[in-house]
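>>> Here is a sequence together with a model predicted from it:
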Amino acid sequence: MKYFLSAVFFFSLSLTYTQKVKPVLPLPTKEQLAWHEKEFYLFVHFGPNTFTDKEWGDGKEDPSVFNPTHIDCDQWARIAKQAGAKGIILTAKHHDGFCLWPSKQSTHTVRESKWMDGKGDVVKMLAEACKKNGIEMGVYISPWDRNHPKYGTPEYNDVYIASMKELLTGYGKFFELWWDGANGEGPNGKKQVYDFNRFQDSALKWQPQLVIFSDIGPHIRWCGNENGTISNTNWNLLDTAGFKRGHGAPPTDTLNRGNVNGRNWIPAEADVSIRPGWFYHAKEDDKVKSPETLFQLYLRSVGNGGNFLLNVPPDRTGRFNAADSAALIGFRKIREAAFAKDLLTNAKISSNGGNASALSRLTDNHVETYWASSRKENTTIEFELPKTETINTVVIEEMISLGQRVSDFTIELLGDRGYEKVFTGTTIGRKKIAVFPLFRTKKIRLTLVNAKAEPVLRSVKAYFSARGTM
């Protein structure tokens, strides 16, 4: 038995060696790879705007307006977990400058509010709740501060860094730091010259595992809209030289599609709110996006190789509203039903390129295995199912740890008149969810028409999804 296991181990190693692949630069870091695997997580906009019915506060609001009556961060984390979200990013400080923790750098914080007699700390409560429920946490810290008197002076950059230090050294590890490029006038009538290089160096000094979001990264990019959608063509690559955050950012279509030969691995994150607004407004209780709408957004974000950041704003009690919670749970049920049964399990696989004995890795459900083609163009992979099935969804993943490669592919299904093309795509990346009209078939043919280098796929799956229309 010992010799048999040794032989199997040696055979597995030999397969690995024959599948060695030269990476195509640029490559994601291990932190970016971990971020890609999260796919879906929540944004939480909460602060004085929740109580003043505004979207952007002016920094002049009385801190006492912030007074949630039954705040329950454990409910946020619990519902996020139940919805299948991998984390929560909290607006620890929005443009109004109000801090959801008792920052020593500001007099516009929870400490000055009536809530918990000024002794509350939303960041701490959420950090503890996320840990308890087994999900991760991130923070949004707006560089723009419409309240701080030093905003618009060189000293404000020191204030901002000190604020970041409080958050990044006092509440445990975060998975993401979220920046936008908003830059309006401060109380002194001046605009701030942000020292983003110092901001970045400081943040990564305190938490090296962070991935940082902004128009130009350095680790994740904005997708160019707040609709929650990413282009069918989505390169995880971006050129940032000559661009800035905010008004100096790349064009929105570039942010949405990336650069085919970009020098930096900066993938796209699609942000959208479950309601018309980002903060809670009672008048929007009947305008919460349906589970079906959320699923379509998932197909157009995660299904196009990016991540999906869905904002769910707590109400004035400090809890997720029942309508939002129901939509989130319904969304998870649709996802689970859509991807419940992989029809390629036990399929026979053949190809005109690469190691035939390694083709089974495409359906082995192991995230660390892959199959590499020996052809740069027109690689065909054919899957023969155990029996005829109704299919309308094919999910393909590249092994992005070795680079993003595929630029043109097709999916064909065998029907009464031979193979019929049901989907034409461009990029694949971390994940491509290809949806097409219902089709009865026993054979699927995937053709990788063009690529930057020999394609390397991690998995291919096929499904029948009752909700899988785009």
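That came through, no problem.
>>> Walk me through the regions of the stretch 251-400 of the chain where pLDDT falls short of the threshold, as ranges.
For the stretch 251-400 of the chain, no stretch is flagged by pLDDT under 70.
>>> Show me where it has its strands.
Assigned by DSSP state E, counting those that start in this stretch, the strands in the stretch 251-400 of the chain fall at 264-265, 268-273, 307-311, 348-351, 371-372, 379-398.
>>> care to break this protein down by domain?
By the assignment in automatic domain parsing, the chain contains the domains 30-338, 341-463.
>>> Adding distance to K22 and mean neighbour count, write those domains out as TSV.
In short, each C-beta sits where N, CA and C put it, glycine included. Formatted as TSV, those follow (distance: least, Cβ to Cβ, whole Å; neighbours: other Cβ atoms under 10 Å):
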stretch	distance to K22	mean neighbour count
domain 30-338	17	20
domain 341-463	7	19
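>>> Any idea which residue is closest to the centre of the protein?
N307 (2.3 Å; Cα atoms, centre = their mean).
>>> Skipping adjacent residues, who's closest to that residue in space?
E269 (4.9 Å; Cβ to Cβ, 6 or more residues apart in numbering).
>>> give the contact list for that neighbour.
F213, I220, R221, W222, C223, G306, N307, F308, L309 (Cβ atoms under 8 Å, 6 or more residues apart in numbering).
>>> wait, which of those is closest to N321?
Distance to N321, by Cβ to Cβ, is smallest for L309 among those, at 19.0 Å.
>>> Distance-wise, check the closest one relative to C223.
9 Å (Cβ to Cβ, to the nearest Å).
>>> Which residues are in contact with each of those two?
E269, A270, D271.
>>> returning to that earlier point: what's across from the residue nearest to N307 in the sheet?
W222, N307 (DSSP bridges).
>>> Could you point out which residue ranges in the stretch 1-150 of the chain have low pLDDT?
Looking at the stretch 1-150 of the chain by pLDDT under 70, you get 1-19.
>>> Endpoint to endpoint, stretch 335-348 covers what distance?
Counting by Cα to Cα, to the nearest Å, you get 27 Å between the two ends of stretch 335-348.
>>> Pull the residues that contact that stretch.
Taking contacts as Cβ under 8 Å, 6+ apart, the residues outside stretch 335-348 that touch it are 84, 295, 298, 362-363, 383-386, 389, 391, 393, 395, 444, 460-468.
>>> any idea how far it is from the chain center?
Remark: stretch 335-348 is offset 23 Å from the chain centroid, using Cα atoms, centre = their mean, to the nearest Å.
>>> per-residue confidence for the nearest residue to L204 once chain neighbours are set aside?
The spatially closest residue to L204, leaving aside those adjacent along the chain, is L210, at 6.2 Å (Cβ to Cβ, 6+ apart). You'll see L210 listed with a pLDDT of 98.
>>> And H247, by the same measure?
89.
>>> Sketch out the strands for the stretch 51-200 of the chain, chain order is fine.
87-93, 136-141, 176-178.
>>> by contact count, what packs against the shortest one?
In other words, strand 176-178. Helices and strands touching strand 176-178, by 3 or more Cβ pairs under 8 Å, 6 or more residues apart in numbering; DSSP states H and E, are strand 87-93, strand 136-141, strand 211-214.
>>> Repeat that for the second one.
Judged by 3+ Cβ pairs under 8 Å, 6+ apart, the packing partners of strand 136-141 are strand 40-44, strand 87-93, helix 122-133, helix 154-170, strand 176-178.
>>> Let me have those in TSV, extended by distance to K341.
TSV is the format used below for those (distance: least, Cβ to Cβ, whole Å):
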stretch	distance to K341
strand 40-44	21
strand 87-93	28
helix 122-133	28
helix 154-170	43
strand 176-178	33
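>>> which residues does K387 contact?
K387 neighbours (Cβ under 8 Å, 6+ apart): K442.
>>> Can we start the residue count at 52 from this point?
All set: I'll call the first residue 52, so the last point we hit is now K438.
>>> Starting from K493, give me the distance back to it.
For K438, the distance to K493 (Cβ to Cβ) stands at 7 Å.
>>> next one: T291
From T291 to K493 the distance is 47 Å (Cβ to Cβ).
>>> So for stretch 113-131, first residue to last residue, what's the gap.
End residues of stretch 113-131 are separated by 31 Å (Cα to Cα).
>>> what do you get for stretch 269-283?
23 Å.
>>> State the mean pLDDT of it.
98.
>>> Now V262. Nearest residue, chain neighbours left out?
H270 (4.0 Å).
>>> That neighbour contacts A85, doesn't it?
No - at 11.0 Å, H270 does not count as touching A85 under the criterion of Cβ atoms under 8 Å.
>>> you'd agree W166 is up against F117?
Yes - if you go by Cβ under 8 Å, W166 and F117 touch, sitting 5.8 Å apart.
>>> picking that back up, mind putting the shared contacts of L360 and C274 into TSV with distance to F330?
Formatted as TSV, the shared contacts of L360 and C274 follow (distance: Cβ to Cβ, whole Å):
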residue	distance to F330
E320	20
A321	20
D322	14
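>>> out of those, who's nearest K155?
D322 (30.0 Å).
>>> Spit out the contact partners of that closest one.
F94, W273, C274, E277, G279, L360, L361, N362.
>>> Equivalent analysis for R367, please.
Applying Cβ under 8 Å, 6+ apart, the residues near R367 are T101, F102, P119, T120, Y331.
>>> P205 too?
Here P205 is in contact with V244 (criterion: Cβ under 8 Å, 6+ apart).
>>> How much space separates it from G240?
As defined by Cβ to Cβ, P205 lies at a distance of 16 Å from G240.
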